[in-house]
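Asks: Fold the stuff below for me.
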Amino acid sequence: MGSERDFTKPTDRLIAGRPIIKLGNVKTPQIHVYRPEAPSATESAVVVCSGGGWSILAWDLEGTEVAAWLNSFGVTAVVLKYRGPTRSRATRWLAPVQDAQRAIRLTRLHARSWRLRQDRIGILGFSAGGHTAAMAALLSEAAYKPVDRGDEFAHRPDFAALIYPGGLVTQDYRSLREDVPVPSDAPPLFFAHAFDDRVRIENSLLLALELKRHKIPFDLHIYSEGGHGYGLRETEQPVTGWPQACRKWMGINGWLD
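Replies: Here you go, the predicted structure:
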């Protein structure tokens, strides 16, 4: 692995007419905290997990741009730079999930100084980052050994939003992978996915079905068109309306009070 850098090329596909930052070779995980303006700030925070196929991080498209959106309605954004690439590892999700759990705990550790409530810490992820967010929400046990007092705090979020998540189902798309648990005390989840996404909608549908069996509330949005990897950038595709639905879901559940 070389040094951390942007792997974007001039020939890469544009998203809504603009390039994206493809951050790779992340050896040291970090959190980047974005606070909203004081008059509009709520006491909620969301850890943001960019996608990138466990190879890179779509750092602006699914990271810093998401932070600006969350800040616009008073939510603190904690953009996670998780380790990668991990695609070739036996358990490719392990290091990203460890980093996500640590980010959640650090957010709770600093809740008072950041003017947050420890019981209003969510997570939002896209694609591989959606898988990371899902596992962070579902795993009953922490995936790493404690290192300091920050790890005295709960490692699971209070809510989770999964945007075109991948990697959750078996190769035949008939069931969840064996390593995707669904405990009866999982937090509420939000899903957004497009019917024509190459990362198939079964990733959202089968997890939602299992949540239903465990009587865990969720909000599921399947759009007719939109493909994959659009982030929050608005296009003519129906799926790019998901941010309004997600914000409404957060408000209905009291996380924007």
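
Asks: Tell me who's in contact with residue 160.
Replies: Residue 160 makes contact with 122-125, 133-134, 136-137, 187-190, according to C-beta atoms under 8 Å, 6 or more residues apart in numbering. (Each C-beta comes from the backbone N, C-alpha and C, glycine too.)

Asks: so of those residues, which ones are in helices?
Replies: Within these, residues falling in helices by DSSP state H are 133-134, 136-137.

Asks: Reformat the residues you listed as a markdown table; add pLDDT.
Replies: Shown next, in a markdown table, are those (pLDDT from 0 to 100):
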| residue | pLDDT |
| --- | --- |
| 133 | 98 |
| 134 | 98 |
| 136 | 98 |
| 137 | 98 |
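
Asks: Tell me which two of those sit farthest apart.
Replies: The distance between the two most remote of those (C-beta to C-beta) is 7.2 Å, for 134 and 136.

Asks: mind checking pLDDT for residue 41?
Replies: Looking at residue 41, its pLDDT is 95.

Asks: Could you tell me whether residue 205 really is in a strand?
Replies: No - going by DSSP: H, G, I helix; E, B strand; the rest coil, the assignment for residue 205 is helix, not a strand.

Asks: which stretches of the stretch 1-150 of the chain form strands?
Replies: Taking DSSP state E, counting those that start in this stretch to define them, one finds strands in the stretch 1-150 of the chain at 5-6, 22-24, 30-34, 45-49, 56-58, 76-81, 121-126.

Asks: what about the helices in this protein?
Replies: Secondary structure of the chain (DSSP H): helices at 65-72, 94-109, 128-138, 202-213, 242-252.

Asks: so of the ones you listed, which one's packed in deepest?
Replies: helix 128-138 (a mean of 29; mean count of other C-beta atoms under 10 Å).

Asks: re the thing from before, of the strands of the stretch 1-150 of the chain, which approaches residue 115 most closely?
Replies: Nearest of the strands of the stretch 1-150 of the chain (C-beta to C-beta): strand 76-81, 8.3 Å.

Asks: contact partners of that closest one?
Replies: For strand 76-81, contacts defined as C-beta under 8 Å, 6+ apart pick out 23, 26, 29-36, 41, 44-50, 57, 59, 63-64, 66-68, 70-71, 99-100, 103, 107, 114, 116.

Asks: Helix 65-72 and that strand, what's the angle between them?
Replies: 170 degrees (axes from the mean of the first three to the mean of the last three C-alpha atoms, to 10 degrees).

Asks: So what are the sheet partners of strand 76-81 and their directions?
Replies: Paired with strand 76-81 in the same sheet, following DSSP bridges, are strand 30-34 (antiparallel), strand 45-49 (parallel).

Asks: Of those, which stretch is the most buried?
Replies: Comparing the strands paired with strand 76-81 by mean count of other C-beta under 10 Å gives strand 45-49 as most buried, with a mean of 31.

Asks: Contacts for that strand next, please.
Replies: Applying C-beta under 8 Å, 6+ apart, the contact partners of strand 45-49 are 31, 62-63, 66-67, 70, 75-80, 82, 96, 100, 103-104, 107, 111, 114, 116, 120-126, 129-130, 132-133, 136, 157, 161.

Asks: Can you check what angle separates that strand from strand 121-126?
Replies: Computed by the same axes, to 10 degrees, the angle separating strand 45-49 from strand 121-126 equals 30 degrees.

Asks: Make 53 the first number, not 1, from now on.
Replies: Understood, numbering begins at 53; the last thing we discussed is strand 97-101.

Asks: average pLDDT for strand 97-101?
Replies: Mean pLDDT, strand 97-101: 98.

Asks: Identify the bridge partners of residue 175.
Replies: Counting by DSSP bridges, residue 175 is bridged to residue 99, residue 212.

Asks: give the contact list for the spatially most central residue of the chain.
Replies: The residue lying closest to the centre of the chain (C-alpha atoms, centre = their mean) is residue 177, at 1.5 Å. Taking C-beta under 8 Å, 6+ apart as the criterion, residue 177 is in contact with 100-103, 152, 183-186, 212-215, 217.
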